[in-house]
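In: Just the structure for this:
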Amino acid sequence: MQTAELAHWLAYNVDWNKYVTLVDQVGDELNERKLRFDKSDLFERALELFSNQDLQYVNREGVDHIGPNGITIEMKYTDGCLFTSKKKQPRKHVADLQLMNSRGSSAGRTLPESYAQFLLICDRDSVAVISKEDLIPYVIDAGDGLKTSKLPSSAVNYVFKPGEYFPSKLTENRSYLQAKMDMQNQFLAQF
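Out: Numbering: from 1, shown residues only. Predicted coordinates:
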């Protein structure tokens with residue numbers, strides 16, 4: 001599958017209105033260092049649900065989803081990575097994305113063979129995709145991992161852009177953080 005085909009497939013097989021609603025609902029609530037894993041888990045798991053399980057969430061190192069025809073996809077979310085926050089203009093370069101943490105020096109390393117075939121780049125109100133082969137020239141050593149650097153926006157295929165989807169108003173605004181605390185207290189009450 002080519003990148004443009006995957007972008008088209010994603011555009012029509014994922015409910016992106018639910019995605020932007022989720023991102024809006026979570027907002028900045030899970031930006032603390034300790035809570036960022038919850039945020040990524042929520043957004044990654046959501047794509048499985050919002051695609052009627054057409055994107056299978058697998059949560060392997062370097063692979064978050066299995067898509068059509070068994071293709072592998074890694075998902076990265078960074079607010080403001082594709083478009084400017086206020087004027088919604090495309091950035092010249094996608095904001096640098098941490099691709100892997102090597103838990104030690106990554107000097108001389110590149111993405112492993114097992115890394116996903118495609119990188120799904122998610123912003124608050126836009127999503128893009130790029131193939132691993134097109135991504136590799138923009139992967140650099142980040143000391144303790146690998147990250148992108150100066151990835152031109154022209155190198156990605158957009159799934160959707162700002163203004164195509166808007167957050168829905170939920171009848172019940174429930175805080176994820178509060179729900180997590182409630183669940184932990186309920187669990188601890190059994191002891």
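
In: what does the lowest-mean-pLDDT helix or strand in the chain contact?
Out: In the chain, no helix or strand scores lower on mean pLDDT, DSSP states H and E than strand 98-101, which sits at a mean of 88. Strand 98-101 has contacts (C-beta atoms under 8 Å, 6 or more residues apart in numbering) with 61-62, 74, 76, 106, 111, 115, 119, 139, 142, 144-148. All C-beta atoms are positioned from the backbone trio N, CA, C, and that covers glycine.

In: Could you rerun that using 6 Å?
Out: Gly145, Leu146, Lys147 (C-beta atoms under 6 Å, 6 or more residues apart in numbering).

In: Restricting to C-alpha, output it in PDB.
Out: C-alpha atoms of strand 98-101 as PDB (Å, rounded to 0.1, in the frame of the first residue of the first chain):
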ATOM      1  CA  GLN A  98      10.500  11.400  19.500                       C
ATOM      2  CA  LEU A  99      10.300   8.100  17.600                       C
ATOM      3  CA  MET A 100      12.100   5.700  20.000                       C
ATOM      4  CA  ASN A 101      13.700   5.800  23.400                       C
END
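
In: which helices and strands does the top helix by length along the chain pack with?
Out: In terms of residue count, the longest helix belonging to the chain (DSSP state H) is helix 36-50. Secondary-structure packing of helix 36-50 (3 or more C-beta pairs under 6 Å, 6 or more residues apart in numbering; DSSP states H and E): helix 16-26, strand 56-60.

In: Out of the ones you listed, which one sits most buried?
Out: Compared across the helices and strands packed on helix 36-50, helix 16-26 shows the largest average neighbour count, a mean of 19 (mean count of other C-beta atoms under 10 Å).

In: before we move on, the earlier item: how about the helices and strands packed on helix 36-50 in a markdown table, adding distance to Asn173?
Out: Shown next, in a markdown table, are those (distance: least, C-beta to C-beta, whole Å):
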| stretch | distance to Asn173 |
| --- | --- |
| helix 16-26 | 7 |
| strand 56-60 | 25 |
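
In: For the helix or strand hosting Ala128, which strands pair with it and how are they oriented?
Out: Here Ala128, judged by DSSP states H and E, is contained in strand 127-131. Partners of strand 127-131 in the sheet, by DSSP bridges, are strand 118-122 (antiparallel), strand 157-160 (antiparallel).

In: Residues in contact with it: which ones?
Out: Counting by C-beta under 6 Å, 6+ apart, residues outside strand 127-131 touching it are 3, 6-7, 82, 118-121, 156-160.
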